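1. Sharing a model prediction with you, sequence too.
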Amino acid sequence: MKIVFATNNKDKLREINQILSGKFEIIGLNDIGCYEDIPEEEPTIEGNAYAKSLYVYERYGVNCFADDTGLEVEALDGRPGVVSARYAGEGKDMKANIKKVLSEMEGVKNRNAQFKTVISLIFNGKEHQFEGIIKGELLDEEQGSGGFGYDPIFRPLGYQQTFAQMSAELKNQISHRALAMNKLIHFFVSA
Ligand code: ITT
């Protein structure tokens, strides 16, 4: 089955195809001729995921899903959250985003944080949402060079390594996106 994933983020497309290991073929927006930057202006992760899947569904009429992910830091009242990609400004500069989080967390004892992914699927005209959360701790400096985004400063609970120090295989088994994706797969398998 071919499903459109409403993203042009190559990291995400690669990860998802690794997680699905050939069970479904996931194609990106470029593959259906969509090169627009889909607006992400909603105040919540859930709202943004839905806005993205609806945008594609309304314009291209295909079954599709979109995800939105945020890093939620307890001591920062859940920030950067829905603005994770542009926390330090519109440039989506991850070095600057990480630097801003680390400087806000300087000297803060409570290091609890979580990644949350919400997938919004529009399938035969109806919306379904699937959530994946992984809890962990924020380090006070970057460790590791794998993964992407905030991975170098996030260590999931029960592990000694950050997401950026893990193999892609391990991250993809336990991550927020994998948890949400597994719910999506379950939906398709039992649909
Ligand atoms: P889209 O085109 O799909 O919208 P995006 O880059 O805007 O891609 P998200 O809104 O899902 O991606 O992600 C928000 C931010 O969270 C962004 O800065 C990512 O780098 C970061 N992020 C997402 N997934 C992550 C992961 O698995 N590990 C670390 N950081 C992640």
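-> Thanks, I have it. Residues are numbered from 1 along each chain as shown.

2. So what does the most centrally placed residue in the chain look like in phi/psi?
-> The chain has Thr69 as the residue nearest its centroid, 3.4 Å off, counting by C-alpha atoms, centre = their mean. The phi/psi pair for Thr69 (degrees, to the nearest 10) reads phi -130, psi 150.

3. How much space separates the nearest residue to it once chain neighbours are set aside from the ligand?
-> The spatial neighbour of Thr69 that comes closest, neighbours along the chain excluded (C-beta to C-beta, 6 or more residues apart in numbering), is Thr117 at 4.5 Å. In this view, the C-beta of every residue, glycine as well, is placed from N, C-alpha and C. From Thr117 across to the ligand, the span is 7 Å (C-beta to the nearest ligand atom, to the nearest Å).

4. re earlier: so the residue nearest to the centre of the chain makes contact with Phe115?
-> Yes. Assessed by C-beta atoms under 8 Å, Thr69 is found in contact with Phe115 at 6.4 Å.

5. between these two, what contacts are shared?
-> Residues touching both Thr69 and Phe115 (C-beta atoms under 8 Å, 6 or more residues apart in numbering): His176.

6. buried residues in stretch 155-166?
-> By 16 or more other C-beta atoms under 10 Å, the buried positions in stretch 155-166 come out as Arg155, Pro156, Thr162, Phe163, Ala164, Gln165, Met166.

7. ok so, going back, counting neighbours, what do you get for the residue nearest to Thr69?
-> Per other C-beta atoms under 10 Å, the neighbour tally for Thr117 reads 23.

8. go on, Ile32?
-> Neighbourhood size, Ile32 [other C-beta under 10 Å]: 14.

9. Let me know the pLDDT of the one residue in the chain that gets nearest to the ligand.
-> Per C-beta to the nearest ligand atom, Gly149 is where the chain lies closest to the ligand, at 2.2 Å. Model confidence at Gly149, given as pLDDT, is 95.
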